[in-house]
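Enquirer: fold the following, please.
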Amino acid sequence: MLAQVLVYHSLFPTAPSQPRMAVSIDLVRFYWALFEHSCDAIHALASALKTHYARRGFQMTHGDVSDFL
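Expert: Model (predicted):
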């Protein structure tokens with residue numbers, strides 16, 4: 001079964017049957033650690049994404065992000 005092969009190679013399938021993509025289990029563990037160690041994981045992730053995209057040259061068009069979260 002494809003899902004078992006993916007898990008064997010440290011990848012988590014995005015669907016139980018016929019997965020087209022997989023996520024690194026290490027990435028899932030990292031996100032879980034982020035969730036455990038932050039008071040509000042979604043704000044921590046949003047802040048990290050904002051920083052990541054700003055470093056890549058993308059700018060926010062709306063300054064008040066808190067309205068969307």
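Enquirer: how about the host helix or strand of residue 49: buried residues?
Expert: Assigned by DSSP states H and E, residue 49 belongs to helix 41-55. Buried residues in helix 41-55, counted by 16 or more other CB atoms under 10 Å: none are found. For the C-beta atoms, the positions are set from N, CA and C on the backbone; glycine is no exception.
Enquirer: report the mean per-residue pLDDT for that helix.
Expert: For helix 41-55, mean pLDDT is 79.
Enquirer: counting contacts, what elements does it pack onto?
Expert: helix 25-37 (3 or more CB pairs under 8 Å, 6 or more residues apart in numbering; DSSP states H and E).
Enquirer: next, the angle helix 41-55 makes with the helix it packs on.
Expert: 120 degrees (axes from the mean of the first three to the mean of the last three CA atoms, to 10 degrees).
Enquirer: distance between helix 25-37 and the chain's centre?
Expert: Offset of helix 25-37 from its chain centre (CA atoms, centre = their mean, to the nearest Å): 9 Å.
Enquirer: could you export that helix as CSV, CA atoms only?
Expert: Below are the C-alpha coordinates for helix 25-37, written out as CSV (Å, rounded to 0.1, in the frame of the first residue of the first chain):
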residue,chain,number,x,y,z
ILE,A,25,6.7,13.8,9.5
ASP,A,26,9.5,16.0,10.8
LEU,A,27,7.6,19.0,9.7
VAL,A,28,4.5,17.8,11.5
ARG,A,29,6.6,17.2,14.6
PHE,A,30,8.0,20.7,14.3
TYR,A,31,4.5,22.2,14.0
TRP,A,32,3.4,20.2,17.0
ALA,A,33,6.3,21.5,19.0
LEU,A,34,5.5,25.0,17.9
PHE,A,35,1.9,24.4,19.0
GLU,A,36,3.0,23.0,22.4
HIS,A,37,5.4,25.9,23.2
